[in-house]
Structure formats: C-alpha cells, structure tokens
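*Asks:* The following block contains a protein sequence and its predicted model.
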Amino acid sequence: RMKDFSIKALQKIEDELQSVVDTGQAMYVRDIFLADGDAMMLPTKHLMDILNLIHTNLPKVRRISSYCLPRNLRNKSVADLTALREAGLSLVYVGCESGNDTVLNKVNKGETYDTSLEALLKLKEAKIKRSIMILLGLGGSSLSQHHARDSAKLCNEAVPEFLSVLTTSFPKGIHRVQTGYGTTEFEFEPLTPRESLKELRCFLAAIEMPNTNKTVFRSDHASNYFVLKGRLGREKERLLAELDAIIEAPEEDDVFNLRPEWARGL
C-alpha cells in the first residue's frame, strides 16, 4: 500500500468544492467521480452528505459516479441505494474482475460469483446504472476458458448498462499472483497478447443478450492490446468479426494491429 485508508472529513470535501467555486468554473462542471478509493464503503448518511455538498456547490453536475467492490454493498439496502440515486449517484463501476470462483479465490479477491451477482442485482433494483469491469488474463493460461465463460455468465445474468474489459498487468511483480495460485494444477502462467485476444473472443462469444439489449461494451482501456466498441447484443457479431480478423492475421502483423507494450502504461 502507498498510503493508509481514512475517511475524508466532510469539512475538507466542502473546502475542496469551495476552491472550485472560487475559480469561477463551477458552472462548467458536469461530471464528478468519487475518487481515491471505494466510496461505497462509506456509511450511507456520509455519502448522502457528500452528494448534497456536490449539488450545492456544483449545481450543473449531471452525473456522479463511483467505484464499488461488491462486498461494500452488503450492508446497504435497496432503499439506501435508491436514496443515493435520488441524491445524484447515477453510475457505479463494479470491479467484479471474474465470474469464476476458483480465479477469485486464487487472487484473494474476497468475492464469489454469487456475491458479485447479488450486488449487481441490488444496484439494478435501485435503478443505479452499473459498469462491470472484467480482467482479461486473471486466470492465466490454465483457467483462461473457465474465467472467460463464467465471467460472461455473470454478465448475462446481471445485464449491466456498461461492460468493459481490462488486461491484467503486474506493476508490483507477477510473483504476487503466482504465490496465490501456488504450484497446484492451476499454476499461473500469464497470457501472451494473442492468448489474451482469444480469451476475449471466448468471453464475447459466451455473451448471450437479446438484440434489443443496449449494454455498451468497451475494451478501450490503456491496458488492452486491441480496442473494441459496440452494443451487446445487436453488435456482438460485428465485434467478433473484428476480433477474428486480428486473430487470424499473420503474427507479424501484430506490430501494426496491437497496442505496443510501451503504450500500455497505466
């Protein structure tokens, strides 16, 4: 950890918002992200106070969003979440990362398929938009197919408004992940760029949503090797065709088709 976690005092938040007001730019602020941690672990009243401060100081804000780990919704009721939505919280980025329980256990995620789905459905009932994040490569080569298919199954059940994939990276060293996997039958070996694309294809192929669905899919995060954008499911076949064209191209074309390693810095 780079720093210890602590809850920021409301007065400090109010002072920061006032500093924006003092610049004369408050009327131009449209989007707010509750950053620097998982805001959803805060008590509901504290979050309500923050949302009210935002609207008081930045009256033109149209969207307030937050990151969210599924487990931080266990102590929040649908009524709590509905109140937060009515106070302005409209979008939550849910870090599910995988729908496979073995993968989640190996990386010590602290979640399961069921806990992730429970949180996603609770948000849906409260009418808060959800953006699910899945980590390509989190299962390594040994669990790649299971990771892809179970993650797709989770998304099929939740039917989120937004869905994105990121690619697993190892800024603090791969040994941390390898230690979690141990030396069992599921020993961790990272995916190559092409293996990552094949995992993405397996994931998308397993997505089963009606053509009337409007889930927005993106793989445009800086960590990814290839960018795809579209709606699931009416544009699923187009997305798969674009991906197949890259997978089936000669490997020497990867230098042109894939994002280079130096450009994948986060």
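*Replies:* Great, that's in hand. Numbering: from 1, shown residues only.

*Asks:* Would you mind measuring the gap between the ends of stretch 81-100?
*Replies:* Terminal residues of stretch 81-100 are spaced 27 Å apart (C-alpha to C-alpha, to the nearest Å).

*Asks:* same question for that stretch, mean pLDDT?
*Replies:* The average pLDDT within stretch 81-100 is 97.

*Asks:* ditto for stretch 182-197
*Replies:* Taken as a whole, stretch 182-197 has an average pLDDT of 88.

*Asks:* buried stuff in that stretch?
*Replies:* 186, 188, 191, 193, 195, 196, 197 (16 or more other C-beta atoms under 10 Å). The C-beta positions use only the backbone N, C-alpha and C, and glycine is treated the same way.

*Asks:* CA-only coordinates of stretch 206-222 in PDB, if you can.
*Replies:* C-alpha atoms of stretch 206-222 as PDB (Å, rounded to 0.1, in the frame of the first residue of the first chain):
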ATOM      1  CA  ALA A 206     -20.400 -16.600 -24.500                       C
ATOM      2  CA  ILE A 207     -22.300 -13.300 -24.000                       C
ATOM      3  CA  GLU A 208     -26.000 -14.000 -24.600                       C
ATOM      4  CA  MET A 209     -28.100 -10.900 -24.700                       C
ATOM      5  CA  PRO A 210     -31.100 -10.100 -26.900                       C
ATOM      6  CA  ASN A 211     -30.600  -7.800 -29.900                       C
ATOM      7  CA  THR A 212     -32.900  -5.300 -28.100                       C
ATOM      8  CA  ASN A 213     -30.400  -5.000 -25.300                       C
ATOM      9  CA  LYS A 214     -28.300  -1.800 -25.100                       C
ATOM     10  CA  THR A 215     -25.300  -2.800 -23.000                       C
ATOM     11  CA  VAL A 216     -22.400  -0.700 -24.100                       C
ATOM     12  CA  PHE A 217     -19.200  -2.700 -24.400                       C
ATOM     13  CA  ARG A 218     -15.700  -1.200 -24.400                       C
ATOM     14  CA  SER A 219     -12.100  -2.600 -24.500                       C
ATOM     15  CA  ASP A 220     -10.500   0.800 -24.800                       C
ATOM     16  CA  HIS A 221      -8.700   0.800 -21.500                       C
ATOM     17  CA  ALA A 222      -5.000   1.600 -21.800                       C
END
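
*Asks:* Just the buried residues of stretch 182-197: which are in strands?
*Replies:* Among the buried residues of stretch 182-197, no residue falls in strands (DSSP state E).

*Asks:* count of neighbours near residue 239?
*Replies:* 22 (other C-beta atoms under 10 Å).
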